[in-house]
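Colleague: My questions are about this predicted structure, shown below with the sequence.
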Amino acid sequence: MICIGHRGASGYAPENTLAAFELAVTMHCPWIELDVYAVEGELLVIHDDTLERTTNGHGRVMQTSLATLRSLDAGNGQQIPTLSEVIEQIDHRAGINIELKGEDTALPVNRLLNDYLSRGWQADEFMLSSFDHEELKLGEPAFERGVLFDRASKDYFKTTAALGAYSLNVSMRLVKPALVEEAHRRGLKVFVYTVNEADDIQRMRDFGVDGIFCNYPDRVG
């Protein structure tokens, strides 16, 4: 069972910042997870569509200028990073799971990642995921797709099949051994979010899930 640093090592450093991603790598995460919005032609790494929770700014991400967004404090003096900055910092030391969070993010992400492929990066160093399955459909097929669900669905496997998915990414409260078994029977990985407590980490291990998104990567071992 692998550990995916959820917004980096976000239990210890401000989420979705270079500091959090660097800490996740030093904690030996094979993968990190982050969220992107496209603003004025740039891909910014931030989770919420509003600024108040994770920065000293106010208002909506998509209604704020790029210059203003880049001037904000995202915690402990950290800046909202660009996706390029994160990729350069990670520098092949971990895979990068990019959640398409904002509107119209798939195509600019495709362009950026294809540029990195032309410079020697490998497609299997990246994964695309989203709750917006229509947006995920626009993701470059070269990159593995993780289909996110936050509520129970009778269409898990219809959706993953339609998207040619690599993984089923589900909330911990939805996970049952039968779901994991059926996903594996269909050739899917199962990645579960957000699993932080020791007993939950062990329960996911016992269920046979393939990976967990965790804010405290050092707890996974």
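Modeller: Ah, there it is.

Colleague: make it CA atoms for all contacts and neighbour counts henceforth
Modeller: Noted.

Colleague: Whichever strand or helix holds V109 packs against which elements?
Modeller: Using DSSP states H and E, V109 sits in helix 106-118. Judged by 3 or more C-alpha pairs under 8 Å, 6 or more residues apart in numbering; DSSP states H and E, helix 106-118 is in contact with no other helix or strand.

Colleague: What are the boundaries of the helices in the chain?
Modeller: For the chain, the helices defined by DSSP state H cover 18-26, 66-71, 83-90, 106-118, 133-137, 156-162, 177-185, 198-207.

Colleague: Enumerate the positions of the fifth one that are buried.
Modeller: Judged by neighbour count (16 or more other C-alpha atoms under 10 Å), helix 133-137 contains these buried residues: H133, E135, L136, K137.

Colleague: got a list of contacts for that helix?
Modeller: The contact list for helix 133-137, computed with C-alpha atoms under 8 Å, 6 or more residues apart in numbering, reads L100, E103, D104, T105, A106, L128, S129, S130, R145, V147, L163.

Colleague: Quick one: residues contacting the residue nearest the centre of the chain.
Modeller: Note on the chain: the residue nearest the mean C-alpha position is E33, at 3.2 Å, using C-alpha atoms, centre = their mean. Contacts for E33 were tallied using C-alpha under 8 Å, 6+ apart; they are I4, G5, H6, R7, G8, I96, N97, I98, E99, F213.

Colleague: What of T105?
Modeller: V36, Y37, A38, L43, E135 are the contacts of T105 under C-alpha under 8 Å, 6+ apart.

Colleague: Ignoring the adjacent residues along the chain, who's closest to the first one?
Modeller: When the adjacent residues along the chain are set aside, V36 lies closest to V45, with 4.6 Å between them (C-alpha to C-alpha, 6 or more residues apart in numbering).
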